[in-house]
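**Q** Structure for this input, please:
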Amino acid sequence: MRQFTLSSLLLLWCPWQCLATTYYFSTTRGNDSRSPLLAKNPQTPWQTTAKLNAFFGALQPGDSILFKRGEVFFGSIQASKSGSPLSPIVLGAYGQGERPVISGFTTVSNWKSVGGGIYESPFLINQSAVNLVVINGINHAMGRYPNASAGNKGYLNFESHGANFIVDEQLTSATNWSNADLVVRSTRYTIDKVKISFHSQKQINFGTEIPNGLMDGYGYFVQNHLKTLDQFGEWYYNSSTRKLYVFFGQQQGVQFQGTSRNAGCLD
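**A** Coordinates of the predicted model:
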């Protein structure tokens, strides 16, 4: 029977465990400009999930990422690699208090009025898109025209169509809906969304042909446009300028959060 001394057993164990490293993160004490060496010390941690995502590819099997308890880290974690069955990459917590929270929500402040009860956010650095808005703990829908509470259950109707356009005889050019989203009922049970490429008078053109085709008389509405905002909480996000617009009216003391499409919240 082969026998191992304690020293030989330690040598067999060390290739995975002795090289493992722990990196620390804190939103209050962290600084992303610090070196990886400094981030190994809980007194000099990194700060954001963006830094973790940029560094994730350099992690080795057995490494640990620890987030400070009692803190909220905004953004998402993009695990670009994994460890091994015997030595996984570990995400955990350190310190005292409640479990740390990884949240896709970003709190927005410093709103600027642009008139008509609509307010504009500052440039949102990390938001490539927004698909959820929460005000005072309540989800609010993207602005749409007509409103969902309008007649015909919030739908307009088109009388004729082509491969990449619809014609609504009641539509006017009072608002140019170019670059907005057209949400159209293509069959009794399906709804499609396409980008409006051009709007002129009664005709709305879109660049992408709708897979299910269209049927005259079916309904549609328009969304994702600044001119749709006329009810409290309705919002529109301009992905080019990375600014969010919300209809607050005369309401005061609201607390807003938005989440990006690429930074999911933990359920």
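
**Q** and the residue nearest to residue 160 when sequence neighbours are not counted, how many neighbours?
**A** Among residues not flanking residue 160 along the chain, residue 167 sits closest, at 4.6 Å (C-beta to C-beta, 6 or more residues apart in numbering). Every C-beta, even on glycine, is put in place using the N, C-alpha and C of the backbone. For residue 167, the count of nearby residues is 15 (other C-beta atoms under 10 Å).

**Q** bridging residues for residue 167?
**A** Residue 167 has these beta-bridge partners by DSSP bridges: residue 160, residue 203.

**Q** ok, now how distant is residue 220 from residue 141?
**A** As judged by C-beta to C-beta, to the nearest Å, residue 220 and residue 141 stand 17 Å apart.

**Q** got it, and residue 186?
**A** As judged by C-beta to C-beta, residue 186 and residue 141 stand 21 Å apart.

**Q** So which of the two has more stuff around it?
**A** The neighbour comparison of residue 186 against residue 141 (other C-beta under 10 Å) goes to residue 186, with 17 against 14.

**Q** List phi and psi for that one.
**A** Main-chain torsions, residue 186, degrees, to the nearest 10: phi -90, psi -30.

**Q** right, and it touches residue 210 too?
**A** Yes - taking contacts as C-beta atoms under 8 Å, residue 186 lies within contact range of residue 210: 5.3 Å.

**Q** who touches both of these two?
**A** residue 192 (C-beta atoms under 8 Å, 6 or more residues apart in numbering).

**Q** remind me which residues of this protein are low pLDDT?
**A** Within the chain, the ranges that satisfy pLDDT under 70 run 1-18, 126-127, 251-267.

**Q** tell me the domain ranges of it?
**A** Under the assignment automatic domain parsing, the domains of the chain span 6-103, 105-143+237-261, 144-228.

**Q** Centre of the chain to the second one, how far?
**A** Same thing as domain 105-143+237-261. The gap between where domain 105-143+237-261 is centred and where its chain is centred comes out at 12 Å by C-alpha atoms, centre = their mean, to the nearest Å.
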